[in-house]
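[1] with the sequence up front, the predicted model follows.
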Amino acid sequence: MLRILILGTGSIGERHLRCFLQTGRAAVGFCEPRADLGEIIAKRYPVCSHHASLEEALTHPWDAAVIAAPAHLHLALARHCAEAGLHVLIEKPLSTGFTGFSELRSLLREKSLVCSVAFVYRAHPALQAMRGALQSGQFGAPLQVTVTAGQHFPTYRPAYRETYYRDHRQGGGAIQDMMPHLLNAVEWLVGPADRLMADAAHQKLEDVTVEDTVHLLTRHGQVMGSFQLNQHQAPNESTITVICERGTARFEYHHSRWRWMEGPEQPWLDDPHPLERDDLFTTQAARFLDAIEGTTAPACTLDEAAQTLRTCLGALNQTAHPPWLEVSDPMESPPRGTVWEAFDLTGRTALVSGASGHLGKALARALAEAGCRIVVSSRSLATAEAVVADLPGVATGPHVAVPLDQQDPSSLEAGFDAALQAAGTIDILVNNGHEALGKDWKTVTQEEFTRHLGNAAAYFTLARRLRDHVVSRGVPGSVIMLGSMYGSVGSYPEVYEGVTAISPVAYHTLKGGVLQMTRHLAVCWAGDGVRVNTLSPGPFPSPTVNPELVRRLEEKSPLRRMGQPDELAGAVVFLASSASRYMTGQNLVIDGGWTAW
């Protein structure tokens, strides 16, 4: 018999324990840090051992572990167990984010361990039969899926007020609690979701504030999906209907059957599969044991569960700023078209480093005018706060200011942390911070040259923090590096002669390096949904620059003038928005034609 360790004996963990015992193929122990609950479970079931901590439990021999703790602990606990050589069955949802996911996946592959995720709908014989019919082509290609589900939580899950359900951070709310089951089942039937729109609200459940009602629209390739879920209605029912070219198939969880209709005015044909209370979990447990023994594949793989998690997190993120289009009188204001909507940043948050500078202010203002909430960073908090006070307001919350020193690694980390604490989430990073250096190739020291290149290290540090943050949320991100025309071309020495030092060699080196860093990070992070591009301004001198230098620069520009900061507005909004969603690793040059010579 295989030895199975259950981590967590709340209601779902206890059910796993009971059902693994019911297979008659496993000796079962458990880990429960709550001593009183542990004693109750130990007396209720014939377990082989019970433990107060995972460390203690892992001193005993086990073949596999079932992770039934709150969702935010799933990946860390699974990794501990995998490091000890245990196969793992992880309760749904896989997690509340993706921190530690890649490491767990690599570890499982390295040790050739089985991992399955407990989406128990896949164990339902009626859903299995319906999937078989769909895959056989009996009804033709799927065209649309509609899902309707709900139950009365105060009746069926009265402890919801005291459990993880009340806290998003632990996997609570309808989107993380029940929606994963429905989404995973639909993705199993018709393929992964690749686009979504979501709306959710807390409508009724007492003593909690998380959403209890959800509307979700999805696209699974060409298949259109619609989900309606609430956790307060009187009927306890769940249906999944797949409309196909030559018929309709419907799974009814509450009736434990699937049915189909192949033409208008034809009767529904039913295929019932009566079940007892624990049958699905016992079947799921047996399938996991079979997978460990190598006789079948896991019912739901880690990557399949990760796909469902990405969809759920995307829905959860979008509910903070659903893409509503206001219904208005077309005689008063024409409706916005899809192109305008692509540039809309409503509901997004951007961290703009160096936002108190000549160009930084314009970049921050442009994003705010597009609806984006701004986190302004500067070495001086008071200076950053002054910039915030001058920005146009947005509907999704106040702009905020944080101190951040480009050349201080600890300040970079603390500044990003402060930005997250103040804003909650960040979707866009504009890497504009810069410590200037006024010395040319004749006078610069090695120490000064090296310090100037530290600006690139700061760009990378902040970009990596943004990448890790959006990946943990399962949402896309955009990194915009500020480059320069001097990252692509050399300068004209005669322009500077007799007026000021020639443009610093360290600056040319820095900005050229930023272009290559952009390309490298773009290809490394494309699979994470993080786009990385460079915005390279041409000559945009500040008002304090020597007028003679400005005159000479204008003579070298095809447009015969210098750029104004607001002329970068359209470019930065484009790179930050979904209008550039198919663009990464590129350098967008706004230089009045300077590099066209």
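    Cool, got the structure.
[2] and residue 146, how close does it get to residue 238?
    When C-beta to C-beta, to the nearest Å is the yardstick, residue 146 and residue 238 sit 12 Å from each other. All C-beta atoms are positioned from the backbone trio N, CA, C, and that covers glycine.
[3] I'd like the mean pLDDT over the helix or strand containing residue 413, please.
    When elements are assigned from DSSP states H and E, residue 413 belongs to helix 409-423. Averaged over helix 409-423, pLDDT sits at 92.
[4] quick one: residues in contact with the next helix or strand after it.
    Proceeding C-terminally, helix 409-423 gives way to strand 428-431 as the next helix or strand, assigned by DSSP H and E. Around strand 428-431, the neighbours that count as contacts under C-beta atoms under 8 Å, 6 or more residues apart in numbering are 345, 348-353, 355, 363-364, 367, 372, 458-459, 462-463, 466, 477-482, 572, 576.
[5] one step back: residue 146 and residue 238 - which one has more neighbours?
    A side-by-side neighbour count of residue 146 and residue 238, using other C-beta atoms under 10 Å, places residue 238 first with 21 against 17.
[6] what kind of secondary structure is the more buried one in?
    The three-state assignment at residue 238 reads strand, by DSSP: H, G, I helix; E, B strand; the rest coil.
[7] what separation is there between it and residue 456?
    In this view, residue 238 and residue 456 are 53 Å apart by C-beta to C-beta.
[8] now the top helix by length along the chain and helix 409-423, what's the angle there?
    Counting residues, the longest helix in the chain under DSSP state H turns out to be helix 446-473. Here the directions of helix 446-473 and helix 409-423 differ by 30 degrees (axes from the mean of the first three to the mean of the last three C-alpha atoms, to 10 degrees).
[9] quick check: next helix or strand after the helix or strand hosting residue 148?
    When secondary structure is defined by DSSP H and E, residue 148 falls within strand 142-150. Sequence-wise, the next helix or strand beyond strand 142-150 is helix 153-156, with elements assigned using DSSP H and E.
[10] and that next one, what's buried?
    Taking 16 or more other C-beta atoms under 10 Å as the neighbour-count basis, helix 153-156 is seen to contain the buried residues residue 153.
[11] that helix: how far from the chain's middle?
    Here helix 153-156 is found 31 Å from its chain centre; the criterion is C-alpha atoms, centre = their mean, to the nearest Å.
[12] neighbouring contacts of it?
    160, 205-206, 212, 231-232, 236.
[13] quick check: next helix or strand after that helix?
    Next helix or strand after helix 153-156 toward the C-terminus (DSSP H and E): helix 174-177.
[14] quick one: contacts of that following helix?
    Judged by C-beta under 8 Å, 6+ apart, the contacts made with helix 174-177 from elsewhere in the structure are 71, 93, 96, 165, 168, 171, 198, 200, 210-214, 229-231, 312, 315-316, 319.
[15] what average pLDDT does it get?
    For helix 174-177, mean pLDDT is 94.
[16] same thing with stretch 208-219?
    Computed over stretch 208-219, the mean pLDDT rounds to 94.
[17] touching it from outside, list them.
    Residues outside stretch 208-219 that contact it (C-beta under 8 Å, 6+ apart) are 145, 153, 160-161, 165-168, 172-175, 179, 183, 186, 193-205, 224-232, 311, 315, 319.
[18] strands - which of those residues land there?
    Among those, DSSP state E puts 145, 195-201, 224-230 in strands.
[19] buried ones from these, can you make that a ChimeraX selection?
    Typed into ChimeraX, the line below selects the buried ones among those, using 16+ other C-beta under 10 Å:
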select :145,196,198,199,200,224,225,227,229,230
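[20] close enough to count as contact, residue 299 and residue 288?
    Yes. Distance between residue 299 and residue 288: 7.4 Å, which falls inside the contact criterion (C-beta atoms under 8 Å).
[21] so for the two, which residues contact both of them?
    Any residue near both residue 299 and residue 288 by C-beta under 8 Å, 6+ apart counts here, and that gives residue 116.
[22] okay, now the unreliable bits of the stretch 301-450 of the chain?
    Applying pLDDT under 70 to the stretch 301-450 of the chain flags residues 320-338, 394-396, 438.
[23] how about the helices of it, start to end?
    Ranges of helices in the stretch 301-450 of the chain, per DSSP state H, counting those that start in this stretch, are 302-318, 338-343, 360-369, 381-390, 409-423, 446-473.
[24] so what touches the shortest one?
    Contact with helix 338-343 is made by 323, 370, 573-574, 577-579, as judged by C-beta under 8 Å, 6+ apart.
[25] and it, how far out from the chain's middle?
    The chain centroid and the centroid of helix 338-343 are separated by 22 Å, computed with C-alpha atoms, centre = their mean.
[26] right, I'll leave it there.
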